[in-house]
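Novice: I'll drop the sequence and a predicted model, then ask my questions.
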Amino acid sequence: MTDEIANAEVVAVYPNKVRVAVDDLLNFQAAGESLRVGSFLKVSDNDNVSLICIIESFSIEMKEVKVNGSSDYKRVYMIDAYPLGTLKDGKFNRGGDELAIPPKKVVPATKAEIAAIYADCYAAEDRFCFSSLTRQRDIVVPVHGDRFFNKHIAVVGASGSGKSSSVSSVLQRAISAKTGEYQGLNNSHILIFDLHSEYTAAFPGANVITVDDLVLPYWLLNEDEMEDMFLESGDNNNYNQEALLRQIVTIAKKISNPGVEKVNFDSPLPYEINHVANAFRNLTRETKNADNSLLIKFKDTTEIEFPDVDAQIEHYCMELRDFATTKRSEINKGPYADGTIDKFERRVRSKIANTRLRFIFGEKAKNASLEDVLRQFTGYNAGGESNVTIIDLSGIPFELLSITVSLISRLMFDFCYYARRVESKTEQPFLMVYEEAHKYAPKSGLSRYKASLAAIERIAKEGRKYGISLLISSQRPSEISETIFFAMLQLPGDASY
């Protein structure tokens with residue numbers, strides 16, 4: 001190939017691209033290879049400095065030429081290329097403005113020149129490799145481990161395109177790099193929400209939590225999660241049921257925590273769930289004095305006049321009572337004994353008694369401490385320490401999938417937040433991997449997704465500053481909350497791990 005044959009020259013230089021005109025595209029191509037979008041070009045000047053560019057687009061223009069005094073038109077191929085950096089003395093530098101204008105010539109970059117782009121981009125202790133160039137598989141593309149995992153990551157594609165395989169490969173390479181020459185912090189963790197039990201074989205040393213092992217106490221549920229658990233979507237009486245639920249749960253927490261001064265509905269304090277069930281059952285059956293709503297009559301002929309409604313509900317929490325029968329003008333039904341909350345009360349009792357929900361309402365969950373719960377996900381279980389935790393969601397009832405994801409995500413965000421504030425010298429970065437994220441983080445107005453959306457969006461918006469990032473895998477990215485993807489487009493902060 002000669003300059004006369006190829007006749008390629010730079011015709012325009014923009015802040016973000018270079019435009020090259022080529023008369024003979026066939027002869028301009030490197031031997032044995034064809035030019036396409038993504039191919040590399042080398043633009044040189046007289047000072048032995050070369051600008052390496054990657055082709056973004058082609059176009060064709062008709063150029064007027066004079067042949068024997070008459071006008072004719074010739075095809076000219078216009079190539080727009082994005083500049084990556086400069087190559088000088090075999091060393092590649094990203095960015096830079098060393099190239100003198102006008103450039104001398106343009107040629108396709110050789111394989112050695114392309115390999116130089118990635119050869120010394122990062123120090124050996126900071127990088128790991130999980131990919132190679134599509135057209136030249138023997139050229140590996142390393143990434144900076146801290147910077148890569150300090151950003152949020154999305155892996156999207158059609159069903160069967162290899163998303164789970166890609167996620168596993170990236171994480172496996174990262175783990176193997178950390179056990180080898182990587183010298184960064186080894187206190188980082190990966191937590192995978194596995195919807196179809198796909199990741200256990202890929203990580204044999206991981207801490208795998210199935211529904212039989214999972215412990216998520218009901219007393220850690222926040223307002224949105226509690227409503228998703230007990231309220232029925234679309235019920236016209238939800239507003240009254242929500243207010244009553246808040247009141248009863250708050251009182252149940254005060255009963256179980258007499259030494260705590262400030263107790264709210266959202267306070268993460270242990271309490272007895274049967275107290276809540278007792279209160280609802282008594283409210284659906286209570287009878288009262290016709291002239292005094294706080295004077296309650298019982299079947300054993302005793303009566304109690306309560307000072308206020310809170311004291312009345314506190315009494316109802318402690319045990320089931322039998323009430324006196326109604327009597328015209330003397331004993332009336334209570335305000336909730338008219339059947340308005342009967343369905344709600346049955347729903348509460350059925351949830352508590354459901355054997356599939358033992359990981360929330362069972363004895364193990366009831367007696368677990370906050371430290372025990374966190375220890376599952378942080379990989380600090382004695383004798384079973386691991387930097388990778390897989391939460392097998394395949395056994396979780398579908399209606400509780402979003403609640404489970406929400407609670408774990410919220411706990412891990414709070415853990416990283418307080419860990420960073422309490423001891424700033426100890427970093428414990430977490431990567432949260434959400435498989436099939438569109439199933440519990442959709443852009444939906446349904447109340448059942450409110451809790452999980454809020455938890456994941458909070459990580460997307462604020463997580464990186466506290467050392468927690470997310471990896472979203474989905475075959476339906478258009479159905480995922482825009483807030484999550486918008487947060488992924490933000491420039492990373494100064495924090496790294």
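Specialist: Received the coordinates, thanks.
Novice: F58 belongs to a helix?
Specialist: No. Using DSSP: H, G, I helix; E, B strand; the rest coil, the secondary structure at F58 is strand, not a helix.
Novice: distance of the closest residue to it other than its chain neighbours from A12?
Specialist: The spatially closest residue to F58, leaving aside those adjacent along the chain, is I79, at 6.0 Å (C-beta to C-beta, 6 or more residues apart in numbering). For the C-beta atoms, the positions are set from N, CA and C on the backbone; glycine is no exception. As defined by C-beta to C-beta, to the nearest Å, I79 lies at a distance of 11 Å from A12.
Novice: identify the contacts common to those two.
Specialist: Common neighbours of I79 and A12, using C-beta atoms under 8 Å, 6 or more residues apart in numbering, are R19.
Novice: looking at these two, which is more packed in?
Specialist: I79 (26 against 11; other C-beta atoms under 10 Å).
Novice: correct me, but that one touches F40?
Specialist: No. Between I79 and F40 there is no contact under C-beta atoms under 8 Å: 11.7 Å.
Novice: spit out the residues that contact the two alike.
Specialist: Common neighbours of I79 and F40 (criterion: C-beta under 8 Å, 6+ apart): I55.
Novice: who does E305 bridge with?
Specialist: Note on E305: beta-bridge partners by DSSP bridges are L295.
Novice: how many neighbours does it have?
Specialist: 11.
Novice: any figure for the gap between it and K327?
Specialist: E305 sits 18 Å away from K327, going by C-beta to C-beta.
Novice: then N222?
Specialist: 43 Å.
Novice: and those two? which has more neighbours close in?
Specialist: A count of neighbours by other C-beta under 10 Å puts N222 above the other of N222 and K327, at 17 against 11.
Novice: pLDDT value on the closest residue in space to that one that isn't next to it in sequence, please?
Specialist: Residue nearest to N222 in three dimensions, not counting chain neighbours: D266, with 5.3 Å by C-beta to C-beta, 6+ apart. For D266, the pLDDT comes out at 84.
Novice: give the rounded mean pLDDT of stretch 33-41.
Specialist: Averaging pLDDT along stretch 33-41 gives 83.
Novice: least confident secondary structure element in the protein?
Specialist: Every helix and strand of the chain was ranked by mean pLDDT, DSSP states H and E. The lowest is helix 3-6, at a mean of 46.
Novice: wasn't D338 part of a strand?
Specialist: No. Under three-state DSSP, D338 falls outside any strand and is assigned coil.
Novice: count the residues that sit near it.
Specialist: 10.
Novice: what do you get for the one 3 residues further on?
Specialist: When neighbours are counted by other C-beta under 10 Å, I341 registers 21.
Novice: right, and it touches F280 too?
Specialist: Yes. At 6.9 Å, I341 counts as touching F280 under the criterion of C-beta under 8 Å.
Novice: okay, buried residues for the longest helix seen in the chain please.
Specialist: When the chain is parsed with DSSP state H, its longest helix is helix 401-422. The neighbour-count criterion (16 or more other C-beta atoms under 10 Å) identifies 401-417, 419-420 as the buried residues of helix 401-422.
Novice: any idea which helix or strand comes after it?
Specialist: Using DSSP states H and E, the helix or strand that follows helix 401-422 in sequence is strand 430-435.
Novice: given that next one, what are its sheet partners and their directions?
Specialist: Strand 430-435 has the following strand partners under DSSP bridges: strand 189-194 (parallel), strand 468-474 (parallel).
Novice: report the angle between the first one and helix 401-422.
Specialist: Put plainly, it is strand 189-194. 170 degrees (axes from the mean of the first three to the mean of the last three C-alpha atoms, to 10 degrees).
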